[in-house]
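Visitor: Sharing a model that was predicted from the sequence below.
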Amino acid sequence: MVNVNIICVGKLKEKYLRDASSEYIKRLTAFCKLNIIEISPYALPDSPSAAQIEMGLIDEGKRILQKINPGAYVYAMCIEGKQRSSVSLSEEFDSLCVSGESNLTFIIGGSFGLSDEVKKRANAKLSMSEMTFPHQLARIMLLEQIYRAFQISSGGKYHK
């Protein structure tokens, strides 16, 4: 069975987001072993300077890197990443699994993104959209797309 880790900065604050996350976690148990690892965000002032933001990204990045399994195939979720269709993401998962990759890790940074070190560690950079979404919604959207990818691979009826 494939191991999927999602490393994310911050917790889901809203009940409706926690409920959505729980639903996809439950659905994904049929396809993979899922682990969500939450990293506390670096404390920044209300109007941080560029230097403070960089310091925060470096701090969060170090803590993220410590949580990555050394043999994992890593996706950095970032704006400069490549957008993929649900079908192509599913095909990519299939290809990785066939080639022996059984540990997939997705990294969702904080509201200021990911450090350069985390992006360098990533095997692939993935972007959900050119549109801007609430930061906490990224986890739900990612969980849904992972679930959809497994459904596509298994020939399930979920994907249309």
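Guide: Yes, it's here. Numbering: from 1, shown residues only.

Visitor: now the strands for this protein?
Guide: With DSSP state E as the criterion, the chain has strands at 2-9, 32-39, 73-82, 103-108, 124-126.

Visitor: isn't F31 right up against S154?
Guide: Yes - counting by Cβ atoms under 8 Å, F31 does reach S154; the two are 7.2 Å apart. To be clear about C-beta, it is placed using only N, CA and C from the backbone, and glycine gets the same treatment.

Visitor: Name the residue in the two with the higher neighbour count.
Guide: F31 (19 against 13; other Cβ atoms under 10 Å).

Visitor: How much space separates that one from Y24?
Guide: The spacing between F31 and Y24, counted by Cβ to Cβ, to the nearest Å, is 11 Å.

Visitor: Need the overlap of contacts for those two.
Guide: Here F31 and Y24 share the contacting residues Y147, scored by Cβ atoms under 8 Å, 6 or more residues apart in numbering.

Visitor: measure the nearest residue to C97 once chain neighbours are set aside to L12 for me?
Guide: With Cβ to Cβ, 6 or more residues apart in numbering as the criterion, C97 has its nearest non-adjacent residue at 6.1 Å, and that residue is V2. Using Cβ to Cβ, V2 is found at 23 Å from L12.

Visitor: go on, P48?
Guide: With Cβ to Cβ as the criterion, P48 and L12 are 23 Å apart.

Visitor: N103 too?
Guide: From N103 across to L12, the span is 24 Å (Cβ to Cβ).

Visitor: Also I25?
Guide: Taking Cβ to Cβ as the measure, I25 falls 11 Å from L12.

Visitor: What ranges in this structure fall below the confidence cut-off?
Guide: For the chain, the stretches with pLDDT under 70 are 158-160.
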